[in-house]
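Colleague: only geometry, no sequence info:
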């Protein structure tokens with residue numbers, strides 16, 4: 001079986017808890033389990049680079065040997081126009097929500113600017129990024145899983161939504177340990 005893995009497997013505290021306490025420990029444990037089970041693990045280079053921000057260099061070198069890094073062939077993958085249509089409608093709704101949040105922030109005359117900015121960032125992030133593919137890394141990961149007919153392992157809501165739209169099999173990163181444990 002082929003799997004395309006996300007950084008969330010090692011960075012999200014719930015997902016990594018089965019593998020280790022820190023991202024580096026989780027990667028080390030994952031490598032052992034994946035090699036024992038003979039799993040075919042893929043990761044786009046962009047996701048591999050993203051993970052390097054959380055894991056020490058020695059562990060990343062070990063992961064580099066244990067997995068296959070591959071970019072999706074973005075010129076050959078077919079995506080239905082309906083997916084782009086939904087994305088554009090969703091973005092318009094999100095931008096309008098973001099504008100309303102900014103207007104509320106501007107209209108609020110309370111003096112505690114640091115607290116206001118923190119709340120604005122939190123609300124804006126939720127309005128604009130939650131439940132949508134919001135990075136090249138997420139996009140590449142889902143496309144690679146489609147191209148390889150692999151199972152996507154992630155807990156990213158936007159990646160899961162996109163995977164569902166284009167018919168990619170996925171499994172929550174928090175369930176992956178149980179899957180490899182039983183196989």
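Modeller: Right, received. Where do you want to start? Remember, it's a predicted structure, so these values are computed and weren't measured experimentally. Numbers count the residues shown, from 1 in each chain.
Colleague: after the helix or strand residue 153 falls within comes which helix or strand?
Modeller: Using DSSP states H and E, residue 153 maps to strand 151-154. Remark: after strand 151-154, the chain's next helix or strand is helix 157-166, criterion DSSP H and E.
Colleague: tell me the first helix or strand C-terminal of that following helix.
Modeller: Next along the chain after helix 157-166, taking DSSP H and E as the criterion, comes strand 170-172.
Colleague: mind listing what that following strand pairs with, with the direction of each?
Modeller: Sheet pairing here is set by DSSP bridges, and for strand 170-172 it gives strand 151-154 (parallel).
Colleague: show me where pLDDT drops low in this structure?
Modeller: Within the chain, the ranges that satisfy pLDDT under 70 run 109-110, 128-129.
Colleague: quick one: buried residues of the longest helix along it?
Modeller: In the chain, with assignment by DSSP state H, the single longest helix is helix 81-107. Of the residues in helix 81-107, 94, 98, 101, 105 count as buried by neighbour count, 16 or more other C-beta atoms under 10 Å. For glycine as for every other residue, the C-beta is placed from the backbone atoms N, C-alpha and C.
Colleague: cool, and stretch 149-160?
Modeller: Applying 16+ other C-beta under 10 Å to stretch 149-160 flags 150, 151, 152, 153, 154, 155, 156, 158, 159, 160 as buried.
Colleague: cool, and stretch 130-138?
Modeller: So, applying 16+ other C-beta under 10 Å, buried residues of stretch 130-138: 132, 133, 134, 135, 137, 138.
Colleague: which one of those is nearest to residue 171?
Modeller: residue 138 (15.9 Å; C-beta to C-beta).
Colleague: how about CSV for the buried residues of helix 81-107, with distance to residue 146 added?
Modeller: CSV is the format used below for those (distance: C-beta to C-beta, whole Å):
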residue, distance to residue 146
94, 24
98, 30
101, 34
105, 39
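Colleague: and the spatially most central residue of the chain, what does it touch?
Modeller: When C-alpha atoms, centre = their mean is applied to the chain, the residue found nearest the centroid is residue 156 (4.5 Å). Residue 156 sits next to 6, 8, 138 when contact means C-beta atoms under 8 Å, 6 or more residues apart in numbering.
Colleague: roughly how far does it sit from residue 173?
Modeller: Applying C-beta to C-beta, to the nearest Å, the value for residue 156 to residue 173 is 8 Å.
Colleague: and stretch 140-157, end to end?
Modeller: Distance between the two ends of stretch 140-157: 15 Å, counting by C-alpha to C-alpha, to the nearest Å.
Colleague: now that stretch, how far from the centre of its chain.
Modeller: 9 Å (C-alpha atoms, centre = their mean, to the nearest Å).
Colleague: residues near the residue lying closest to residue 79 once chain neighbours are set aside, how many?
Modeller: Using C-beta to C-beta, 6 or more residues apart in numbering and skipping the chain neighbours, the partner closest in space to residue 79 is residue 166 (6.3 Å). As a burial measure, residue 166 scores 16 neighbours (other C-beta atoms under 10 Å).
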